[in-house]
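K.L.:
below are the sequence and a predicted model; questions follow.
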Amino acid sequence: MIKVMLVDDEQIERDGLKIILSKKRVNFEIIAEAKNGKQAVDLAILHKPDLVFMDIKMPEFDGLEAIRRIVSVLPQTKFIMVSAFDTFDYAREAMKFGIKEYLLKPSKMSEVIEAFDRMVEEIESEKQKENETKQINRRLERASSFIEIEFIVSFIMDHVHEFNEEDWEEWLDLEHKKGFVAVFTFESDQLHTSREEKSHWYRVLKETIHDQYSHCLVGPLTGFQVPVLRLLTDEEYENHKIREEFARSVIHQVQHSLNECHLYVGIGSIISDVNQFSISYKEAIDALELAYTQPSAAYMVFNERIKQRRKELIPFEIEKELVDAVKKGDSQKGLHMFELYFQSIEQTSDYQVRTIHKAMENFFIVLSRALKELGFEEDIVTGLGQFGTAMQIKEAAKSHLLMIIESLAEYRSNGVQTLLLKAKEYLDKNYVKSISLESIAAEIGISSYYLSKLFKERFHLTIIEYLTATRLEKARELLLSRMSLKEIALSIGYKDPNYFSRVFKKEIGMSPSEYRTKYQP
């Protein structure tokens, strides 16, 4: 419905326009009438019309001045000028405000309707573009969030990814950026925490960080942990206390919104290379573990003392070998590496149960993230706080690890094949859409890197090759009908008919027209 305002110092002129519009059109509503320029401005600001029929000669100030004032507040409002004077000067002034329609009194009904229709078409076109822009922006916001999480998981966690450093820098503006990683963790006072409550904690943390810091990438909540990359300006980089200030500020603001839950954070070193973010992440984990051993500390910043303690605690090589053994399903090596891993934790934690159980919970979080790259979505994060001795924690963790290895072995036999068939089915059903490797990966729940690799191993085609083959097979059917080449191209997912023709000829060996001539009955 188009909102219309009529402005004329003569009532009979306003009535005449109302009669004409009412007889010929129904897609409008008269929301206000004004008899002088000042009243027109006040009513326009109040009611926000889409279209104004504006007389030029009026009391107070003329229509051109009224338009100038309205446009300064409501730039999207459209105008049709109405005047009893056929002078070029008025039209020239009106053009300055983008006004294209000019009616001369007395106006014919057909002229009024034609001008009205042209402006309505323009208004509706602009509204449609505005809605499309809003939808695109909403999608970009969601995509931005996914990109943030994918970046955190890929680079901070040292995962293999098909995107290179230049791609990330283009999307996230990371070139020459410095920053550090902070790992936040929630510690609940309750033995069991619902998914809804954890989602609430995560939402509070993410919104607080994004509201206060414009240069932050927030990763996913896994278990009870959330990795965050804090990017720094040159000025912030010079502030030697920036990491401590960030930790105190976020904890102070978030803690007020948490019930029966405490927030802790470990912070890694400041780095200046996108490929070193994983180093800062590992340091943040080390600092977080140490924070648990300090009763009054809610945060800890990585330093040389923590670095030395970590070297004594657990060499990362042991942790990496343990994770790799689990991923390969090697239970024998996995148990051997677990013994070394746990022994290191016990020795350097002075057998403090609280420190041991937190270190083991952190390990299962790291393992969970590593296995999700394979598409293994089973929740393997576990809480070990209910056990009172180091031996109980060890046996529970070992039992849980063996269960994970067995589940992963079964998943490798059946689950991966199911996912690949699901990917193939998704392509078969959605070939008419714009499909990317990332969208398929997100649909079936596996990383794009492994999807690409496993799909080709299973079907001996890349995903792009399979998608192209599916589209062209459908095109061959449609070429035997009376559909135009443009319609066929659009119906199988190609927006450019010329590009469709080039692909068809390359793959089939003849152009679509030649194929139609040869095979159409």
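P.N.:
Noted; the coordinates are in hand.

K.L.:
where do the strands sit along the stretch 1-150 of the chain?
P.N.:
Along the stretch 1-150 of the chain, counting by DSSP state E, counting those that start in this stretch, strands occupy 2-7, 28-34, 51-55, 78-83, 101-104.

K.L.:
deepest of those strands, which one?
P.N.:
When those are scored by mean count of other CB atoms under 10 Å, the highest mean neighbour count falls to strand 51-55 (a mean of 26). The C-beta positions use only the backbone N, C-alpha and C, and glycine is treated the same way.

K.L.:
give the next helix or strand downstream of whichever strand or helix holds residue 442.
P.N.:
Using DSSP states H and E, residue 442 sits within helix 437-444. Moving toward the C-terminus from helix 437-444, the next helix or strand (DSSP H and E) is helix 448-459.

K.L.:
buried set for that following helix?
P.N.:
Within helix 448-459, the residues scored as buried using 16 or more other CB atoms under 10 Å are 448-452, 454-455.

K.L.:
looking at the residues you listed, which is nearest residue 391?
P.N.:
residue 450 (37.2 Å; CB to CB).

K.L.:
please name the nearest non-neighbouring residue to residue 443.
P.N.:
Once flanking residues are discounted, residue 443 sits nearest to residue 426: 5.6 Å by CB to CB, 6 or more residues apart in numbering.

K.L.:
any idea how far that neighbour is from residue 216?
P.N.:
33 Å (CB to CB, to the nearest Å).

K.L.:
out of these two, which sits in the busier spot?
P.N.:
Neighbour count, other CB atoms under 10 Å: between residue 426 and residue 216, residue 216 has more, with 18 against 15.

K.L.:
pull the helix or strand with minimum mean pLDDT from this protein.
P.N.:
helix 165-172 (a mean of 47; mean pLDDT, DSSP states H and E).

K.L.:
returning to that earlier point: for the helix holding residue 442, which positions count as buried?
P.N.:
Buried residues in helix 437-444, defined by neighbour count with 16+ other CB under 10 Å: 437-438, 440-441, 444.

K.L.:
how close does the residue nearest to residue 443 get to residue 507?
P.N.:
Applying CB to CB to residue 426 and residue 507 gives a distance of 22 Å.

K.L.:
how about residue 95?
P.N.:
53 Å.

K.L.:
please enumerate the helices of the stretch 351-500 of the chain.
P.N.:
353-372, 390-410, 416-430, 437-444, 448-459, 463-478, 485-491, 497-508 (DSSP state H, counting those that start in this stretch).

K.L.:
can you tell me what sits against stretch 17-29?
P.N.:
1-4, 6, 8, 30, 51, 53, 109, 112-113, 116-117, 120 (CB atoms under 8 Å, 6 or more residues apart in numbering).

K.L.:
recalculate using a threshold of 10 Å.
P.N.:
1-4, 6, 8, 30, 33, 49-51, 53, 80, 82, 103, 107-113, 116-117, 120, 124 (CB atoms under 10 Å, 6 or more residues apart in numbering).

K.L.:
so which bits of it are buried?
P.N.:
Using 16+ other CB under 10 Å as the test for burial, stretch 17-29 gives 17, 20-21, 28.

K.L.:
can you check stretch 357-368 too?
P.N.:
Buried, per 16+ other CB under 10 Å, within stretch 357-368: 357-368.

K.L.:
got those as JSON lines, with distance to residue 44 and pLDDT columns?
P.N.:
Shown next, in JSON lines, are these (distance: CB to CB, whole Å; pLDDT from 0 to 100):
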{"residue": "357", "distance to residue 44": "67", "pLDDT": "78"}
{"residue": "358", "distance to residue 44": "63", "pLDDT": "80"}
{"residue": "359", "distance to residue 44": "67", "pLDDT": "81"}
{"residue": "360", "distance to residue 44": "67", "pLDDT": "83"}
{"residue": "361", "distance to residue 44": "62", "pLDDT": "81"}
{"residue": "362", "distance to residue 44": "61", "pLDDT": "81"}
{"residue": "363", "distance to residue 44": "65", "pLDDT": "84"}
{"residue": "364", "distance to residue 44": "63", "pLDDT": "84"}
{"residue": "365", "distance to residue 44": "58", "pLDDT": "82"}
{"residue": "366", "distance to residue 44": "61", "pLDDT": "81"}
{"residue": "367", "distance to residue 44": "63", "pLDDT": "84"}
{"residue": "368", "distance to residue 44": "58", "pLDDT": "82"}
